[in-house]
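What follows is a predicted structure for the sequence shown.
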Amino acid sequence: MTGLAFTVLHLQPEPYAAAPQLTARLRVTESTGAEVHAIALRCQVRILPQRRGYTPEEEPGLLDLFGERGRWPTTLKSFLWLQSSALVQGFTGAADVDLALPCTFDFDVAASKYLHALRDGEIPLEFLFSGTVFTKGLTGFGVEQVPWDLEASYRLPVAAWRQLMDMYFPNTGWIRLDRDVLAALSHYKSARGLTSWDATVEALLSGNAAVTEPLP
């Protein structure tokens, strides 16, 4: 449909979801006056790291992703963050719809590493849309594809991302470990009578001990 367009009105943390989630409020417009019965909408959200600057304090957290600052002109490339879908109800002219964007704080995921490294400012995002449009045809319903080139931009404040993480993981984060490593770490914790995982990791980081016991 040549008259279809999308705008991101706002993007904010969802306080009542079962897991961390941002909710994007989209405005869908159709400028030709055609009656839209429904849209089965799909969306990719990509991060555009090349469209913002970075402070020296942010550099260490970006090293794994982009290398040293001298390499950034070639390594700062857009990458996929989230994928989602939604059903847009019938409308003529314009309609607003909420798009749920589940998030993770897993440090093995590139986007989480990137977002955790940021201290301030905004995160440049690109929304790429696809899907199926159901319209009124000559003999009933007409079916068309959402044009592949439809997109929208949005700059998410870093503070909004931090608010979301603090809402679900206050002052905490998490990483995945190999099962054998986790078993050894658990054995180390029990053998020394340590009361928490924080205390266990702090003991290891102090350099005064190592995991020498065999796996249970």
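Perfect, thanks for sending it.

which residues in the chain form helices?
Along the chain, the segments classed as helices by DSSP state H run 59-66, 72-75, 110-117, 158-168, 179-191, 197-205.

I'd like the distance between the nearest residue to residue 114 once chain neighbours are set aside and residue 88.
Excluding the flanking residues, the one nearest residue 114 by CB to CB, 6 or more residues apart in numbering is residue 65, at 5.9 Å. To be clear about C-beta, it is placed using only N, CA and C from the backbone, and glycine gets the same treatment. Residue 65 sits at a distance of 34 Å from residue 88 (criterion: CB to CB, to the nearest Å).

neighbour-wise, which of these two wins?
The residue with more neighbours, out of residue 65 and residue 88, is residue 88; 20 against 15, by other CB atoms under 10 Å.

So what pairs up with that one in the strands?
On the basis of DSSP bridges, residue 88 is bridged to residue 39.

Spit out the contact partners of it.
Residue 88 makes contacts with 28, 36, 38-39, 41, 95, 97, as judged by CB atoms under 8 Å, 6 or more residues apart in numbering.

In this structure, where is pLDDT below threshold?
When the per-residue scores of the chain are filtered using pLDDT under 70, the ranges that remain are 1, 106-108, 137-139, 172-174, 208-216.

From what I see, the residue nearest to residue 114 and residue 112 are in contact.
No - counting by CB atoms under 8 Å, no contact exists between residue 65 and residue 112, whose distance comes to 10.6 Å.

ranges for the strands of the chain?
With strands called from DSSP state E, the chain shows them at 4-13, 21-30, 36-47, 79-91, 94-102, 122-137, 140-145, 151-157.
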